[in-house]
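A.B. asks: sequence unknown, structure follows:
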């Protein structure tokens with residue numbers, strides 16, 4: 001494929017989603033010729049149309065295509081060197097099925113030098129023993145990985161860990177809201193289990209730094225910057241320092257936390273089961289990484305956002 005110098009042409013699928021839009025801006029910021037898949041079925045969604053027009057104004061190329069028409073996907077893939085998927089996963093598994101279709105198209109095209117599937121959270125291959133119903137999401141994402149490998153498509157897998165927008169906003173809690181509570185916080189267990197909290201824009205930047213890096217080819221990398229490996233209790237202490245007073249604290253055991261699943265929608269049950277692994281078992285920080293696996297070590301030029309810097313926006 002034709003390239004601008006040594007910088008790959010990048011196609012982002014799912015570019016109007018929560019992570020997708022950040023991947024688009026990161027790609028543009030880092031100077032990649034950036035292409036965004038424009039789903040023809042979204043022409044009546046004004047928010048998505050306006051976002052796409054903002055991308056276009058900033059220099060992105062919009063490529064109309066539909067997952068219902070593989071030939072339109074193939075034409076879009078033929079325009080680029082690298083494909084990044086940010087399609088949303090959900091309990092209906094639509095996102096997983098779309099990624100499997102995308103893999104078929106990339107294999108048919110035969111020239112893509114890197115595919116980054118839609119993950120960006122916990123490493124699915126480390127979550128084989130995850131609790132239901134959240135375990136199905138990890139099984140599906142691992143299925144996508146195996147399909148990529150079996151197709152012989154060059155890849156990079158990126159684990160971004162806890163999205164700050166969803167996790168830091170509630171100081172680790174789910175349900176009460178996406179801004180820090182002013183008076184009361186519920187700690188998972190003793191609140192001392194380490195997690196990893198990352199600004200989504202930082203995750204996107206590391207993804208785009210990796211696309212042309214031979215060190216990340218056919219490997220998994222983890223966004224685990226040292227300053228952001230913190231327990232829920234440490235995050236709460238940072239917030240208390242910023243607001244100048246302590247929060248009233250209560251604690252919930254793993255057993256009682258699991259009981260809160262009863263009667264909840266499936267999406268909420270998935271979040272509850274994930275939190276067991278995050279905040280009671282420490283699945284994000286309980287294993288060692290080499291410098292070639294950790295994004296902030298691979299790319300020390302990226303100034304990542306610390307937890308304290310992120311929380312200042314709420315003060």
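C.D. replies: Sure thing, it's come through. What you are looking at is a predicted structure, and each value in this text was computed from that prediction instead of being measured.
A.B. asks: Quick check: chain neighbours aside, which residue is closest to the most centrally placed residue in the chain?
C.D. replies: Taking CA atoms, centre = their mean, the centroid of the chain lies closest to residue 120, which sits 2.8 Å from it. Closest residue to residue 120 apart from its sequence neighbours, by CB to CB, 6 or more residues apart in numbering: residue 160 at 4.2 Å. Every C-beta, even on glycine, is put in place using the N, C-alpha and C of the backbone.
A.B. asks: Spit out the contact partners of the residue nearest to the centre of the chain.
C.D. replies: 19, 86, 158-160, 163, 203, 207 (CB atoms under 8 Å, 6 or more residues apart in numbering).
A.B. asks: Could you tell me what pLDDT the model assigned to it?
C.D. replies: Residue 120 is assigned 95 on the pLDDT scale.
A.B. asks: And it, how close does it get to residue 84?
C.D. replies: Distance of residue 120 to residue 84, given as CB to CB, to the nearest Å: 10 Å.
A.B. asks: Overlap of the contact sets of these two?
C.D. replies: residue 207.
A.B. asks: ranges for the helices of the stretch 201-315 of the chain?
C.D. replies: Assigned by DSSP state H, counting those that start in this stretch, the stretch 201-315 of the chain shows helices spanning 232-243, 254-259, 266-279, 295-298, 307-311.
A.B. asks: residue boundaries of the strands in the chain?
C.D. replies: Per DSSP state E, the chain carries strands over the ranges 10-13, 34-39, 61-65, 82-85, 114-116, 156-159, 162-163, 184-188, 194-198, 219-222, 229-231, 248-252.
A.B. asks: TSV please, covering those strands and showing mean neighbour count and distance to residue 55.
C.D. replies: Shown next, in TSV, are these (neighbours: other CB atoms under 10 Å; distance: least, CB to CB, whole Å):
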stretch	mean neighbour count	distance to residue 55
strand 10-13	30	9
strand 34-39	24	5
strand 61-65	17	7
strand 82-85	27	14
strand 114-116	23	18
strand 156-159	22	21
strand 162-163	20	21
strand 184-188	20	38
strand 194-198	23	23
strand 219-222	20	26
strand 229-231	19	33
strand 248-252	12	42
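A.B. asks: and residue 59, how many residues sit next to it?
C.D. replies: 12 (other CB atoms under 10 Å).
A.B. asks: my read: it touches residue 32, true?
C.D. replies: No. Look at residue 59 against residue 32 with CB atoms under 8 Å: they stay out of range, at 10.0 Å.
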